[in-house]
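**Student:** Would you be able to build a 3D model of this:
(chains A, B and C)
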Amino acid sequence: MQAIQVSDFSLDHTLDSGQAFRWRRGADGGWQGVIGRQFVRLQQANGAIQVEAADLDEVARYFQWHVNLSEIVATFPRDEHLTAAVRRFRGLRLLRQDPWECLASFIASSTKQIVQIKQIVENLSERLGMGEWERGGMGEKTRYHPFPTVEAVASSTHEVLWNCKLGFRARNLLATARMIAEGKTDLSRIRSMSCGEGREHLCRLPGVGEKIANCVLLFAFGKQEAFPIDVWIERGLRELYFRRKRNVTPRRLREFSGSYFGPHGGYAQQYLFHYLRMAGRRGRDLKMLDRPIHRA
DNA sequence: CTCCAGGTTCCGG
DNA sequence: CCGGAACATGGA
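**Tutor:** This next block holds a predicted model:
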């Protein structure tokens, strides 16, 4: 157990914002999850982060604690919506996830609720994640599984994936894993590519379109100009920035989001996404976010 | 029961 | 390029 001083960071907002799917909140308010091959437990109390992990450097890199959040937020447009989102969820940071885990998770995400995505990812890890280990915590022993490797998924079967509750996404995940395993696509090469090139690369994979590609570029490769437009963001953009306007096509939304939010647009997108999602469906009751959120 | 979910792909204007 | 439909399943 180690105490880390991190300013401008909210563990709750970061892990609650739908970027990663392996985190659970404990009864004590702490979080536990898996980063790479290690089990991690964290808790935030009066400004400090208590970390329980074998490799602290990997944890720090994952949470991007070295990033100066103020400099990023300063580049955002100063409209009322984004300002409100930042004020309410200050400390939310973009994670730096493993590319394969991120890609596979978001292939599983299409037209699924976050609760269900978490369940699918958990199923995949339990059934295909090699190297499960035991961890004792105050007498309790629990099994944890790392996310399965490309090879583990590629050598799996459609039926196994189907039974992980992937539904029609099973075919895509299997085909994508096999393309990567066969070397037809090299994820590691994307890091040095431009955002556009990386997107083009990712979109060749079955089940990966523009939205999922942008999620991987943003959450795993740190391409902060990537701006994923899902149903929440699309509704939000229409209601907050195109209120009462006709003929707002997907093309128009892409152009707007690509220029308006600036060089760290992906960061702005994540603040908006969390803001909209916490406000309730269809983006109503945004004002309620000015008050503290009551957890169900 | 109905509606919707961090979409993608295919098809006809 | 655009809108619609199909694709599976479970949460609200």
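**Student:** Can you tell me which residues in the stretch 51-200 of chain A are near DNA strand C?
**Tutor:** A:111-113, A:115-116, A:162, A:165, A:167-168 (CB under 7 Å from any atom of the strand). Bear in mind the C-beta positions are built from the backbone N, C-alpha and C, glycine included.
**Student:** rerun at 6 Å
**Tutor:** A:111, A:113, A:115-116, A:165, A:167-168 (CB under 6 Å from any atom of the strand).
**Student:** top of those residues by neighbour count?
**Tutor:** Counting neighbours by other CB atoms under 10 Å, the top entry in those is A:K165, with 17 neighbours.
**Student:** Give me the secondary structure label for that residue.
**Tutor:** For A:K165, the assignment made with DSSP: H, G, I helix; E, B strand; the rest coil gives helix.
**Student:** Look at it and report its pLDDT.
**Tutor:** You'll see A:K165 listed with a pLDDT of 98.
**Student:** Equivalent analysis for A:G280, please.
**Tutor:** 71.
**Student:** May I have the residues that are in contact with A:F219?
**Tutor:** By CB atoms under 8 Å, 6 or more residues apart in numbering, the residues touching A:F219 are A:19-20, A:94-97, A:102.
**Student:** related to what we said a few turns ago, okay, the residues of the stretch 51-200 of chain A next to DNA strand C in a markdown table with distance to A:Q43 and secondary structure next?
**Tutor:** Output for these, formatted as a markdown table (distance: CB to CB, whole Å; DSSP: H, G, I helix; E, B strand; the rest coil):
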| residue | distance to A:Q43 | secondary structure |
| --- | --- | --- |
| A:T111 | 34 | coil |
| A:Q113 | 27 | coil |
| A:V115 | 23 | helix |
| A:Q116 | 27 | helix |
| A:K165 | 30 | helix |
| A:G167 | 35 | coil |
| A:F168 | 39 | coil |
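**Student:** on that earlier part again, can you tell me which of the contacts of A:F219 are in helices?
**Tutor:** If you go by DSSP state H, the contacts of A:F219 have A:C102 in helices.
**Student:** wait, which of the contacts of A:F219 is closest to DNA strand B?
**Tutor:** Distance to DNA strand B, by CB to the nearest atom of the strand, is smallest for A:Q19 among those, at 4.7 Å.
**Student:** Isn't the closest one up against A:Y271?
**Tutor:** No - A:Q19 is beyond contact range of A:Y271, at 11.9 Å (criterion: CB atoms under 8 Å).
**Student:** Of those two, give the one with the bigger neighbour count.
**Tutor:** A:Y271 (26 against 23).
**Student:** Tell me who's in contact with that one.
**Tutor:** Contacts of A:Y271 by CB under 8 Å, 6+ apart are A:82, A:85-86, A:89, A:92.
**Student:** now swap in A:R191 and tell me
**Tutor:** A:F221.
**Student:** Ramachandran angles for it?
**Tutor:** Main-chain torsions, A:R191, degrees, to the nearest 10: phi -60, psi -40.
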